[in-house]
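# based on what follows, work out the 3D shape:
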Amino acid sequence: MAYEHGSGSGAQRLPAWLRRPLAQPGQYQAVEGLLGELRLNTVCQSAKCPNRGECFSSGTATFLIMGDACTRGCRFCAVETRVPDPLDDDEPRRVAQAAARMELSHVVVTAVTRDDVPDGGAAHFVAVIKELRAAVPDASVEVLTSDFAGRLESVDTVAGARPDVFNHNLETVPRLYQDVRPGADYQRSLAVLKRAAERGVPVKSGLMLGLGETEDEVQSVMRDLLETGCRLLTLGQYLRPSSQHLPVAEFVEPDVFTRLARTGRVMGFTSVASAPFVRSSYHAKDMVPDHTTGTVPSESEADMPL
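Residues are numbered from 1 along each chain as shown. I've put the predicted structure just below:
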C-alpha cells in the first residue's frame, strides 16, 4: 500500500468520507447566470470540481481566463485540449465586473495553459490583476498560473503586478510526471515557484494525492517546495473526472491528510490545507498571508473541511 493508513483500493467506488450531500440552492443560479451573462469561464465548471455546488451556492467562483481549451493534455484534468481561440482583450474587464458584482473579498484567477502565446499569457494575467485592483480595491488577488513553458521572464511579469498570492501547482511527485502531466517538467515548475518567491510574492503550490505516490515521495516534494521559498501548501484527493482520465490508484484516508498537514507545518510551511476535498482555490482566502504580520488567518493543521 502506498500509504501507511491508505485504503489501497484501485476501484472507483467512493468511500464514505468522499460522499457529499447536495449543496443547498443558495446563490447557485445567480452565480451561474452572471458567469453566463459576462461570458466567463470558471475552473469550477471546466474542471468538474467536486466543490462547485458549495462554492456557487455561497456566491464564489474561481475564474478561468484565456479561454476554455488548453494546449496541453494532462491526464488528470477535465479541461478540453484543442487549439484555443485568440485571447479576448475585454475579458479582464468582465472578470473584474463579475468580482465586483459578486462582492468578492478574495479573487482567485487561474488559466488554461497557452503555449501558443509568446509570453504564455503573462500580460493577460497582469491586465486582469489591474482591472481587479480598480474594481475591487479591498479584495486580495490570487493567481494560479501555468509554468509559462519555462519562460521566467513571464513569471517576472506576473509577479511584478503584485498579486497577493502566486500559485503554481506541482500536482504530483516527479516519478509520476510522465503519466500525469505529459508536457510538464518537475524541475521547471520548481523554477517558476523559486522565481516568484525571489520577487517577494507569497508563493503557494499543491499536490493531488491518490495517483500512486508514496508518503515519503510527498514529503520529499514538500522539502523541494520549501527550498524554492514556497510557504503555502494544499493537499487534496485526486478524483477521476471521467473514464477517459487516469484512474484513482488510492483513496487516501483523512488521517493521512491530517498527518501530512502536521508534518508540513513542522517542516516550515506557514499554512497547510490538507483534506480530501481540498483544492487550490477552495476556501483560498483562509491561506492569504497578512502583510502586516506575515501570518495566515487559520493556524489549524488541516484548514479545510473534509
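# can you list the low-confidence ranges for the stretch 101-250 of the chain?
Judged by pLDDT under 70, the stretch 101-250 of the chain has no weakly predicted residues.
# quick one, helices of it?
Counting by DSSP state H, counting those that start in this stretch, the stretch 101-250 of the chain has helices at residues 122-135, 152-159, 177-180, 186-198, 215-228.
# want to throw those into CSV with distance to R13 and mean neighbour count?
(Each C-beta comes from the backbone N, C-alpha and C, glycine too.) As requested, the helices of the stretch 101-250 of the chain are exported to CSV (distance: least, CB to CB, whole Å; neighbours: other CB atoms under 10 Å):
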stretch, distance to R13, mean neighbour count
helix 122-135, 39, 20
helix 152-159, 41, 20
helix 177-180, 22, 16
helix 186-198, 31, 20
helix 215-228, 23, 17
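# can you put the ones you listed in CSV and add distance to R72?
Formatted as CSV, the helices of the stretch 101-250 of the chain follow (distance: least, CB to CB, whole Å):
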stretch, distance to R72
helix 122-135, 17
helix 152-159, 16
helix 177-180, 12
helix 186-198, 13
helix 215-228, 20
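# and V141, which of those helices is closest to it?
Evaluated over the helices of the stretch 101-250 of the chain, closeness to V141 peaks at helix 122-135, with 5.3 Å, by CB to CB.
# that closest one - contacts with which helices or strands?
Applying 3 or more CB pairs under 8 Å, 6 or more residues apart in numbering; DSSP states H and E, one finds that helix 122-135 contacts strand 63-65, helix 91-101, strand 106-111, strand 140-144, helix 152-159.
# just send the ones you listed back as JSON lines, with distance to Q244 too.
As requested, the helices and strands packed on helix 122-135 are arranged in JSON lines below (distance: least, CB to CB, whole Å):
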{"stretch": "strand 63-65", "distance to Q244": "20"}
{"stretch": "helix 91-101", "distance to Q244": "28"}
{"stretch": "strand 106-111", "distance to Q244": "22"}
{"stretch": "strand 140-144", "distance to Q244": "24"}
{"stretch": "helix 152-159", "distance to Q244": "30"}
